[in-house]
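# this one's sequence-less:
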């Protein structure tokens with residue numbers, strides 16, 4: 001990735017020079033523009049691989065400049081250079097800002113002030129996206145606090161050589177996170193090879209993984225390299241590893257231990273230099289207990305475990321992901337989500353996670369006859385949208401049960417609140433607070449009950 005050209009669009013020249021110096025120190029070429037208009041001119045003259053632009057500019061002429069801010073620059077770039085990654089810099093981070101950046105078509109965004117490692121990782125990720133033959137490489141949306149933390153952990157482990165095990169429900173984006181780790185690793189310029197262990201018949205999986213020589217089995221008319229060989233110096237993703245049968249697990253363990261592989265029907269030993277990332281939607285510890293997964297292989301793969309939260313537990317990611325999907329599937333059409341549609345997306349439980357969200361958005365794009373996607377086009381299951389009512393009812397039931405327990409304890413201890421607090425396992429202060437709340441809600445608490 002070194003030697004690529006980065007255009008910095010920033011009117012704070014001190015900051016612009018500092019960013020440019022940092023980029024050059026790490027092997028990239030830096031170009032600088034103080035205004036969006038001059039940036040467009042430079043894009044026409046130079047081969048630029050990524051644009052890093054501020055959003056607000058103080059030195060533009062609104063009467064003479066047709067492009068005056070970062071959003072307008074982004075729109076102009078997307079019209080002329082559709083595949084060019086653009087990262088927007090914003091002064092403060094909010095969900096609304098992130099949504100706006102992604103909605104506008106930005107590849108990523110940076111919140112000022114940012115550290116050098118974050119800057120370099122984002123540059124590396126986005127250039128990797130442009131030059132990789134794979135799709136959706138290295139772009140991991142993280143606005144919710146939980147996914148921000150996941151992304152931080154992923155960045156850290158990316159720079160190591162250890163095996164990573166990603167656990168998460170189906171559709172949470174385990175492969176996307178694996179690609180992000182690869183894109184931010186020293187192996188990023190080498191292959192990322194993914195194999196879904198659940199999608200290949202058992203009798204074929206061994207040949208696909210390890211390769212085979214001509215005549216190794218009926219139908220093997222030519223020799224073929226396996227996925228391990230294809231991933232040399234890069235990363236091999238073993239997706240849904242828990243679906244692999246025990247016999248093949250033993251052979252895989254040997255390959256991982258020896259760091260060598262032999263093709264089926266071959267005698268030549270091939271040395272391997274491959275980083276392994278494995279994923280599963282199951283709890284492998286439970287599979288080990290059930291005897292369906294080898295314990296020694298589990299520990300070999302589970303060197304650095306990462307749990308990917310389901311979409312319902314990272315609600316702040318829903319709208320940024322929705323707009324990213326809109327941009328991905330309708331790049332030439334500017335689509336918006338109505339307020340009601342946005343509310344429905346946030347309220348949905350998403351049992352199918354990001355994969356379900358993408359399917360819903362794709363269907364809505366096809367059905368949409370104008371530029372606004374209304375809630376009815378999402379065709380969401382009403383059962384999945386009733387979560388607010390369910391939570392409210394649950395909270396009401398719990399509160400009623402709690403109040404009943406307090407009243408029963410007050411009766412049992414003859415109003416001695418110190419003993420009531422001890423009986424309930426709470427502090428006297430907490431008890432006083434809860435009784436005060438009960439009185440505020442009109443719950444009759446007899447005045448004869450004594451204070452602590």
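Yep, it's here. Every value quoted in this text rests on a predicted model; they were computed, and no experiment measured them. Numbering: from 1, shown residues only.
# list the contacts for residue 155?
117, 121, 184 (CB atoms under 8 Å, 6 or more residues apart in numbering). Quick note: C-beta positions are derived from backbone N, CA and C, even for glycine.
# okay if I get those residues as CSV plus distance to residue 349?
Below are the contacts of residue 155 laid out as CSV (distance: CB to CB, whole Å):
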residue, distance to residue 349
117, 36
121, 32
184, 31
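# So which of those belong to helices?
Counted as lying in helices by DSSP state H, out of the contacts of residue 155, are 117, 121.
# Of the contacts of residue 155, just the buried ones, PyMOL syntax please.
Command for PyMOL that selects the buried part of those, burial taken from 16 or more other CB atoms under 10 Å:
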select buried, resi 121+184
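# quick one: low-confidence ranges for the protein?
Within the chain, the stretches with pLDDT under 70 are 1-3, 60-65, 92-95, 103, 128-139, 331-332, 383-384, 386-400, 446-452.
# Need the residue closest to the centroid of it.
The C-alpha lying nearest the average C-alpha coordinate of the chain belongs to residue 140 (CA atoms, centre = their mean; 4.1 Å).
# What sits closest to it if chain neighbours are left out?
Nearest in space to residue 140, with sequence neighbours left out and distances taken as CB to CB, 6 or more residues apart in numbering, is residue 180 at 4.1 Å.
# Surely that neighbour touches residue 151?
Yes - using CB atoms under 8 Å as the test, residue 180 is close enough to residue 151 to be in contact (7.4 Å).
# Between those two, which contacts overlap?
With CB under 8 Å, 6+ apart, residue 180 and residue 151 have common neighbours residue 140.
# neighbour count winner among the two?
For the pair residue 180 and residue 151, the greater number of neighbours falls to residue 180 (25 against 17), based on other CB atoms under 10 Å.
# same for the host helix or strand of that one, what does it pack against?
Secondary structure here is read from DSSP states H and E; on that basis residue 180 sits in helix 174-183. Other elements packing on helix 174-183 under the criterion 3 or more CB pairs under 8 Å, 6 or more residues apart in numbering; DSSP states H and E are helix 116-131, helix 145-158, strand 164-167, strand 192-196, strand 235-239, strand 275-280.
# The longest one versus helix 174-183: what angle between them?
For the pair helix 116-131 and helix 174-183, the angle between their directions (axes from the mean of the first three to the mean of the last three CA atoms, to 10 degrees) equals 110 degrees.
# Helix 116-131 packs against which elements?
Secondary structure elements in contact with helix 116-131, counted by 3+ CB pairs under 8 Å, 6+ apart, are helix 13-25, strand 50-54, strand 86-90, strand 108-111, helix 174-183.
# run the last query once more with 10 Å
strand 5-9, helix 13-25, strand 50-54, strand 86-90, strand 108-111, helix 145-158, helix 174-183 (3 or more CB pairs under 10 Å, 6 or more residues apart in numbering; DSSP states H and E).
# can you check the fourth one too?
For strand 192-196, the contact count by 3+ CB pairs under 10 Å, 6+ apart identifies helix 174-183, helix 202-210, helix 227-230, strand 235-239, strand 275-280 as packing neighbours.
# Now do the buried residues in that strand.
192-195.
# rewinding a little: and the residue nearest to the centre of the chain, what element?
Under the criterion of DSSP H and E, residue 140 resides outside all helices and strands.
# what's the answer for residue 444, then?
Applying DSSP H and E, one finds residue 444 in no helix or strand.
# burial count for it?
8.
# Just list the residues touching it, thanks.
Residue 444 is in contact with 407, 438, counting by CB atoms under 10 Å, 6 or more residues apart in numbering.
# measure it to residue 407 for me?
9 Å (CB to CB, to the nearest Å).
# Which neighbours do these two have in common?
Both residue 444 and residue 407 are contacted by residue 438, under the criterion CB under 10 Å, 6+ apart.
# how about the strands of the stretch 351-452 of the chain, start to end?
372-373 (DSSP state E, counting those that start in this stretch).
# Any chance of the buried residues of strand 192-196 in JSON lines with distance to residue 105 as columns?
JSON lines is the format used below for the buried residues of strand 192-196 (distance: CB to CB, whole Å):
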{"residue": "192", "distance to residue 105": "25"}
{"residue": "193", "distance to residue 105": "30"}
{"residue": "194", "distance to residue 105": "27"}
{"residue": "195", "distance to residue 105": "32"}
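# What is the nearest of those residues to residue 339?
Using CB to CB, residue 194 is the member of these that lies nearest residue 339, at 38.0 Å.
# The closest one contacts residue 238, correct?
Yes - if you go by CB atoms under 10 Å, residue 194 and residue 238 touch, sitting 8.5 Å apart.
# Show me whatever sits in contact with both of the two.
178, 227, 277, 279.
# what sits against the first one?
When contacts are counted by CB under 10 Å, 6+ apart, residue 178 touches 137, 140, 154, 164, 166, 192, 194, 235-239, 277-279, 306.
# quick one: the residue nearest to residue 276 when sequence neighbours are not counted and residue 308, what's the gap?
Nearest non-adjacent residue to residue 276, counting by CB to CB, 6+ apart: residue 163, 4.6 Å away. Counting by CB to CB, the separation of residue 163 from residue 308 is 16 Å.
# Then residue 431?
40 Å.
# what do you get for residue 426?
Distance, residue 426 to residue 308, by CB to CB: 36 Å.
# doesn't residue 42 fall inside a strand?
No - counting by DSSP: H, G, I helix; E, B strand; the rest coil, residue 42 is located in no strand; its state is helix.
# so it makes contact with residue 53?
No - between residue 42 and residue 53 there is no contact under CB under 10 Å: 11.9 Å.
# Looking at these two now, which is surrounded by more residues?
Remark: of residue 42 and residue 53, residue 53 carries more neighbours, 23 against 16, as counted by other CB under 10 Å.
# give the contact list for the residue lying closest to the more buried one once chain neighbours are set aside.
In this structure, residue 53 finds its nearest non-sequential neighbour in residue 9, 3.8 Å apart by CB to CB, 6+ apart. Listed by CB under 10 Å, 6+ apart, the contact set of residue 9 reads 16, 31-36, 38-40, 42-43, 51-55, 57, 70, 73, 77, 86, 88-89.
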